[in-house]
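A.B. asks: Got a predicted structure here, sequence first:
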Amino acid sequence: PVQLGLVRARAEYPLLQLVDARLAGVSQETLWGQLGLAEANAELRSLLGEAEKLLASEQGAPPEMQLAPANSLFRSVDVNLPPGHLGGRDQAVLLLMRNTGSLPAKWSIKYPNEADLQLPHWVDAAELSPEELKQGMLVDRGIFTAHPRKGELAPGADALITIGMSHVAADEFELPLLLVVESGKRLILNVRGRTLAPREPYLHLPSRELLLGPTPLGLPKPHRHTLELPNWSDVPLAYELDTGLLATLNEHNFGFDVLSCAEPRGVIPPGGTARIPFAFQPLEAREYTLAVPLRVGDADGREEPTTRVLRLKALGHDPADGSIPAAHEAARLALAPPFQQIAMAEAEQPMRLSLDRCVFGRAPIGSSVRQLVVLSNKSSCPCEFEWDTTHPMYGLRVTVYPSHGTVAAGQHLCCKVTMVGAGPAENLRFTLACNLEPQWTPELAAANAALVAEAAAKAEAARSGRQSVTVATPKLRGITALHAMGERQQRISRLAA
């Protein structure tokens, strides 16, 4: 046989990725981890599952699959929002979704009550469970919102999605949102949030796993790692780590202090952060894993403390093998984008940083490493800035010059961030805030207030105009029901064919 030509074909499906996330007052890297966006993107990049293949096929999925609960068919990712106070300001998480594939992509976000298969009115629906009733209440009252809920993206195009939460009732809330990519992946975004009552003690731990970075064997002194515990409530929190399992681990390692904590207890002021130091000095090139109970309660002792369990993972490695720390650093850097891609409102963020993270890498003890960060004023008025010089690490391990100043409208300024390699070996990872204060003129202040009021009115109109999901639809009777039965039988016949 004679080969006349070579035909190559490539089959793809629409591919979407979440490339940025923003929430006022929360660092981008912290938010990226709390929202589980790295896990969500990995699922969106993965191959289609059996249910997704059937739904994307020409004949479609059978009715029983379309009516099945979404969590039994598709993977879910926990999206943990930071807690807020009752009657406080609404939260608005901005997500930037991009079409990274080569095909146009239609997408939609569905609430739990919205099924692909529309049932006739004469069909008796099952009674709603207490969980489903609560989810319907969350949608009806606008406690959780998502906007926009559908769209179409050309290759390389972006869509800005806002997930909002209103703090109108003190409780813990959860609402699964189904992200549907037509002819592609389906993913459940399990949005979780909490509204705190006045003087309610609460410790927000979106991740109960603490991963200590790779530590080489043979260090003369232990490697220091720090766990940060932020207090989002309005009362002081008392905490205490149970170090009994740490002592047991050290006993099993010939009485050597492989892992220890010098400050296992303390009090976190309202809005403050506790920094708990761990000292790690491995004897073997392996992973050390243990669960550590953490008791948290009101510092005044009015309520019984609650117990959480932290899972510690510490990795010891051969100092001659540089691939392990390099792989760990590469995996951490891949979790979030390096710079801001979402343009926020002037009232939320009048200035923008050229970098969201300063990654200094490994630096010798006694050295100084520097990076430049550019502050750009995107607003229409001058803006004052001041870095948080009260942070425990400021002046000890990191400095910023200039630490404060004013940037004119449309201008920029370079800040020099310096990390000082002083003291014992330590894995540094913390957030340093930059406080912004726009210098509004009376005219600009009035215009900004009008824009804020207009946005609030639009949000309230969208919330009040939403159709209730908990009101039962009246059933059809007589000849209308017979017509509906005939239409349903024809639809089922087409699906079976």
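C.D. replies: Noted; the coordinates are in hand. Residues are numbered from 1 along each chain as shown.

A.B. asks: how about the helices in the stretch 51-200 of the chain?
C.D. replies: 63-66, 130-140 (DSSP state H, counting those that start in this stretch).

A.B. asks: For the longest one, give the mean pLDDT please.
C.D. replies: Right, helix 130-140. The average pLDDT for helix 130-140 rounds to 83.

A.B. asks: what's near enough to touch the nearest residue to G297 once chain neighbours are set aside?
C.D. replies: Nearest residue to G297, sequence neighbours excluded (CB to CB, 6 or more residues apart in numbering): P305, at 2.9 Å. To be clear about C-beta, it is placed using only N, CA and C from the backbone, and glycine gets the same treatment. Counting by CB atoms under 8 Å, 6 or more residues apart in numbering, P305 touches 238, 240, 295-298.

A.B. asks: mind giving me a markdown table with the residues you listed and columns for distance to A169?
C.D. replies: Formatted as a markdown table, the contacts of P305 follow (distance: CB to CB, whole Å):
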| residue | distance to A169 |
| --- | --- |
| A238 | 27 |
| E240 | 31 |
| R295 | 28 |
| V296 | 23 |
| G297 | 24 |
| D298 | 22 |
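
A.B. asks: Which ones among the residues you listed lie within helices?
C.D. replies: Among the contacts of P305, the subset assigned to helices under DSSP state H is empty.

A.B. asks: Could you pull out the strands in the stretch 51-200 of the chain for me?
C.D. replies: Using DSSP state E, counting those that start in this stretch, the strands found in the stretch 51-200 of the chain span residues 76-80, 84-85, 91-99, 105-110, 144-147, 150-153, 158-165, 171-181, 186-196.

A.B. asks: Run the chain-centre distance for the shortest one.
C.D. replies: Taking CA atoms, centre = their mean, to the nearest Å, one finds strand 84-85 lying 17 Å from the centre of the chain it belongs to.

A.B. asks: Equivalent analysis for stretch 185-201, please.
C.D. replies: The chain centre lies 11 Å from the centre of stretch 185-201; the measure is CA atoms, centre = their mean.

A.B. asks: Also stretch 251-259?
C.D. replies: With CA atoms, centre = their mean, you get 37 Å for stretch 251-259.

A.B. asks: what's the answer for stretch 100-109, then?
C.D. replies: 22 Å.

A.B. asks: Likewise for stretch 157-168?
C.D. replies: How far stretch 157-168 lies from its chain's middle: 12 Å, per CA atoms, centre = their mean.

A.B. asks: returning to what we had before: go through the helices of the stretch 51-200 of the chain and pick out the most buried.
C.D. replies: For those, the largest average neighbour count (mean count of other CB atoms under 10 Å) is found in helix 130-140, namely a mean of 16.

A.B. asks: tell me the angle that one makes with strand 186-196.
C.D. replies: Put simply, helix 130-140 runs at 80 degrees to strand 186-196, going by axes from the mean of the first three to the mean of the last three CA atoms, to 10 degrees.

A.B. asks: Which secondary structure elements does helix 130-140 sit against?
C.D. replies: Contacts defined by 3 or more CB pairs under 8 Å, 6 or more residues apart in numbering; DSSP states H and E place helix 130-140 against strand 171-181.

A.B. asks: follow-up on the earlier one: which one of the strands of the stretch 51-200 of the chain lies nearest to V7?
C.D. replies: Smallest distance to V7 across these (CB to CB): 26.4 Å, for strand 105-110.

A.B. asks: Within the sheet, what are the partner strands of the strand or helix carrying L413, with directions?
C.D. replies: Element membership for L413 (DSSP states H and E) is strand 412-420. The sheet places strand 412-420 alongside strand 368-377 (antiparallel), strand 398-401 (antiparallel), with pairing taken from DSSP bridges.

A.B. asks: Next up, phi/psi of the nearest residue to A262 once chain neighbours are set aside, please.
C.D. replies: With CB to CB, 6+ apart as the criterion, A262 has its nearest non-adjacent residue at 5.9 Å, and that residue is P277. For P277, the backbone dihedrals (degrees, to the nearest 10) come out as phi -90, psi 140.

A.B. asks: and P277, what are its bridge partners?
C.D. replies: T226.

A.B. asks: tell me the contacts of it?
C.D. replies: Residues counted as contacts of P277 (CB under 8 Å, 6+ apart) are 224-226, 261-263.

A.B. asks: give the contact list for L245.
C.D. replies: Applying CB under 8 Å, 6+ apart to L245 gives the contacts 290-292.

A.B. asks: and it, which of the three is it?
C.D. replies: When classified by DSSP: H, G, I helix; E, B strand; the rest coil, L245 comes out as helix.

A.B. asks: Relative to C434, how far out is it?
C.D. replies: In this view, L245 and C434 are 39 Å apart by CB to CB, to the nearest Å.

A.B. asks: To N41, which of the strands paired with strand 412-420 lies closest?
C.D. replies: Evaluated with CB to CB, the strands paired with strand 412-420 place strand 368-377 nearest to N41, the distance being 26.1 Å.

A.B. asks: Much appreciated, bye for now.
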